[in-house]
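[1] Curious how this folds, go ahead:
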Amino acid sequence: MPGTVLTEELEISHGGTGGGAGDGRGDDSSGRGGGSPSELPTRIYQTGVWLALAAIVMFFMALVSAYIVRKGLTDWRTLTLPKILWLNTAVLIASSITLERARHAFTHDNESGFRLWWSITTALGFCFLAGQYVAWRQLAASGFYLATNASSSFFYVLTAAHAVHLLGGIAALLYVLIRGWAHLRRRNGIGAEVAGVYWHFMDGLWVFLLLVLQMGR
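    Numbers count the residues shown, from 1 in each chain. As a prediction, the model looks like this:
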């Protein structure tokens, strides 16, 4: 009888019977059963970026609506858009292409390729901002300043607001770029994914704004 009790206690302590099985299930529920620890942050980041993009859409839709209404008044002055804006657009579209190349390299565990294409994307972002500054200088040289007319005011406000938001995208690109490769892989590239979604959105938003400005001349 004492031997039987001792045997049962040894089996329980080694997880051979009910108590050990319960512990095993408990460990599983903390890992896979209750959801992977890496899945919850992913959903949080994805939800966060989409909420941020929704807020940005509402902000720019309000500006565009005001632009359309103001353009209908008689004192609107025709504004000739600087030609460099089209070059800037091509640069930004190219940055979306290079970003996708970087993400492709990441999925194939190619660190050097990822960092190369991600760096090119970041550099193209800076080139776009530099090109926007040149456009503002060209517009000022032709006599259109922020307070010259409602048309020039809206041009500066819309392009500057986009540039500020794009600068936030560049900060996100730089953050991903300086992270260690092991960290990026361990997080399943969630940082690169979120930054990529935001960057593509900024690209599409700029194309939309340029078309609005072009048709609103």
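[2] Going by C-alpha atoms from here, please, whenever you check contacts or count neighbours.
    Noted.
[3] centroid residue for this structure?
    Centroid-nearest residue in the chain, with CA atoms, centre = their mean: Y198, separated by 2.3 Å.
[4] Excluding chain neighbours, what is closest to that residue?
    G169 (6.6 Å; CA to CA, 6 or more residues apart in numbering).
[5] Report the contact partners of the one you found.
    Residues counted as contacts of G169 (CA atoms under 8 Å, 6 or more residues apart in numbering) are 195, 198-199, 202.
[6] For the longest helix seen in the chain, name the packing helices and strands.
    In the chain, with assignment by DSSP state H, the single longest helix is helix 39-71. Under the contact definition 3 or more CA pairs under 8 Å, 6 or more residues apart in numbering; DSSP states H and E, helix 39-71 sits against helix 150-178, helix 190-215.
[7] looking at these, which is closest to T47?
    For T47, the closest of the helices and strands packed on helix 39-71 is helix 190-215, at 9.9 Å, according to CA to CA.
[8] Domains in this protein, by residue range?
    With domains defined by automatic domain parsing, the chain comprises 2-31, 49-215.
[9] And the pLDDT for the residue nearest to the centre of the chain?
    As predicted, Y198 sits at a pLDDT of 96.
[10] and L129, how far is that from L174?
    The gap separating L129 from L174 is 15 Å, by CA to CA, to the nearest Å.
[11] cool, and G196?
    Counting by CA to CA - G196 and L174 are separated by 12 Å.
[12] same deal with V212?
    30 Å.
[13] same deal with S153?
    For S153, the distance to L174 - CA to CA - is 31 Å.
[14] quick one: low-confidence parts of the chain?
    Along the chain, segments meeting pLDDT under 70 span 1-41, 216-217.
[15] show me the contacts for V194.
    Residues in contact with V194 (CA under 8 Å, 6+ apart) are 45-46, 49.
[16] just wondering, since we're on it, how far is it from N149?
    For V194 relative to N149 (CA to CA), the value is 38 Å.
[17] Next: N188.
    Taken as CA to CA, the span from N188 to N149 is 50 Å.
[18] give me the number of residues near the residue lying closest to A192 once chain neighbours are set aside?
    Computed as CA to CA, 6+ apart, the closest residue to A192 that is not its neighbour in sequence is V176, at 6.2 Å. By other CA atoms under 10 Å, the residues close to V176 number 22.
[19] My read is that V176 contacts E193, right?
    No. The pair V176 / E193 is not scored as a contact, 9.8 Å apart, by CA atoms under 8 Å.
[20] returning to that earlier point: look at L129 and L174 and report which has more neighbours.
    Between L129 and L174, counting by other CA under 10 Å, L129 is the more crowded of the two (19 against 15).
[21] Show the contacting residues for that one.
    Here L129 is in contact with A163 (CA under 8 Å, 6+ apart).
[22] so which strand or helix has it?
    helix 111-141 (DSSP states H and E).
[23] How about that helix, which residues are buried there?
    By neighbour count, and taking 16 or more other CA atoms under 10 Å as the criterion, the buried residues in helix 111-141 are 113-122, 124-129, 131-132, 135-136, 138-139.
[24] Give the buried residues for stretch 48-60.
    Those would be 53, 56, 60, for stretch 48-60 by 16+ other CA under 10 Å.
[25] Make TSV out of the residues you listed and add distance to Y145.
    Shown next, in TSV, are these (distance: CA to CA, whole Å):
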residue	distance to Y145
L53	30
I56	26
F60	21
